[in-house]
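In: Requesting a structural model of the entry that follows:
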Amino acid sequence: MIVFHEPSEVPEDFGPSVVAIGKFDGVHAGHRALIERARVDAAATGARVVAVTFDRNPLSVLRPELCPPALIGVHQKLQLLAEAGVDATLMLRFDEQLASLPAREFVEHVLVGALGVRTVLVGNDFRFGRGGAGNVDLLRGLGAEWGFTVDVVGDVRAIEHGRRVSSTWIRELLAEGDVATAARLLGRPASVWGEVVHGQKRGRELGFPTANLTTELEGFVPADGIYAGWLMDEGSDDGLRSGIRYPAAISVGVNPTFDDVHARQVEAYVLDETDLDLYGRRVELQFVARVRAMVAFGGVDALIAQITDDVRRVREALT
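Out: Next up, the predicted model:
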């Protein structure tokens, strides 16, 4: 997938394109329905599929007090868009300058001028341009003027809940630790991504060495607890990549048995591995099922016994 960060990076002969516009936070089932529709339209005309999105939630600039935490970071978003079949992504930096761009200029310079758009696909609640002045009706009017069509893709709803699939709902589920339901809405396991750093090595002392993720990670960290999941080794800055997926018991929280950890930590014990060196490597942790909540234990022996049982339950959840 080609990645552009501003319209000026797009080659003059890039178009024609079918463009899907959105925040794409989570690239969940609703977003993928939009992208799949774009792929169908593009296949019929020989156009490229382009996602136009932003490097942050626009609310972080417009109304920071209302901005929710992101489900995924930029790295994760680009990876998921590529996996969804997008040919190119225009990842716009959302700042005061972009926020003040009038709706007409956004269409003229970004969609028409840079991307040579033939069709634009958006959701029902799409707004764009300075002050959110642009809506679907305005976009259709501008399309008639510049020669592109506009398709509105309806909401995707979960049959068993009757609720629209949304980033808000997924955040609620993850905040409750319900990673299984979140995965159904996402169409994949919820995950976090970051570099493995040195921790207190307490897990190694207990016989269960863990890979500790930096606190500067991407992704929405679910509720404190122990989870069954997978560790994906994505490599390091030296270019080495393993591409290996390991079964893992993932811990989220402050480890209340010990009173010296005050910041939430995300760490993973790779099952049956005691000598695996992941320091400095970038990994993705995928959450499959919650095993239990985070609780304090009366001593080290009780904690080791519980971890042993956690590993057994994790192994069962992953088979």
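In: quick one: contacts for the residue at minimal distance from the centre of the chain?
Out: With the centre of the chain defined as its mean C-alpha position, the nearest residue by Cα atoms, centre = their mean is residue 72, 2.8 Å away. Contact partners of residue 72, counting by Cβ atoms under 8 Å, 6 or more residues apart in numbering, are 25-27, 80, 218-220. Where C-beta positions appear, they are placed from N, C-alpha and C, glycine not excepted.
In: Make sure it is indeed in a strand.
Out: No - residue state for residue 72 (DSSP: H, G, I helix; E, B strand; the rest coil) corresponds to coil; a strand is not indicated.
In: Tell me where the stretch 101-250 of the chain has helices.
Out: 103-105, 136-146, 167-175, 179-186, 202-206 (DSSP state H, counting those that start in this stretch).
In: counting contacts, what elements does the longest one pack onto?
Out: Which is helix 136-146. Helices and strands touching helix 136-146, by 3 or more Cβ pairs under 8 Å, 6 or more residues apart in numbering; DSSP states H and E, are helix 103-105, strand 117-123, strand 149-153.
In: Residue 57 is nearest to which of those?
Out: Taking Cβ to Cβ as the criterion, residue 57 comes closest to strand 117-123 out of the helices and strands packed on helix 136-146, the separation being 15.2 Å.
In: quick one, the closest one and strand 149-153 angle?
Out: Computed with axes from the mean of the first three to the mean of the last three Cα atoms, to 10 degrees, the direction of strand 117-123 lies at 20 degrees from that of strand 149-153.
In: Give me the sheet partners of strand 117-123 and which way each runs.
Out: The partner list of strand 117-123 in its sheet, established with DSSP bridges, is strand 17-21 (parallel), strand 149-153 (parallel).
In: With just CA atoms, put that strand into CSV.
Out: Output of strand 117-123 as CSV, limited to C-alpha atoms (Å, rounded to 0.1, in the frame of the first residue of the first chain):
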residue,chain,number,x,y,z
VAL,A,117,-11.6,11.1,-7.6
ARG,A,118,-14.4,9.4,-9.5
THR,A,119,-16.4,8.2,-6.5
VAL,A,120,-16.4,9.2,-2.9
LEU,A,121,-17.8,6.9,-0.2
VAL,A,122,-18.7,8.2,3.2
GLY,A,123,-20.9,7.2,6.2
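In: which ones are touching residue 228?
Out: By Cβ under 8 Å, 6+ apart, the contact set of residue 228 is 247-250, 288-291, 313-314, 317-318.
In: Tell me which of these fall in strands.
Out: The strands, defined by DSSP state E, take in 247-250, 288-291 from the contacts of residue 228.
In: now those residues in a markdown table, with pLDDT?
Out: Conversion of the ones in strands among the contacts of residue 228 to a markdown table gives the following (pLDDT from 0 to 100):
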| residue | pLDDT |
| --- | --- |
| 247 | 96 |
| 248 | 97 |
| 249 | 97 |
| 250 | 97 |
| 288 | 98 |
| 289 | 98 |
| 290 | 97 |
| 291 | 96 |
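In: Thanks a lot, catch you later.
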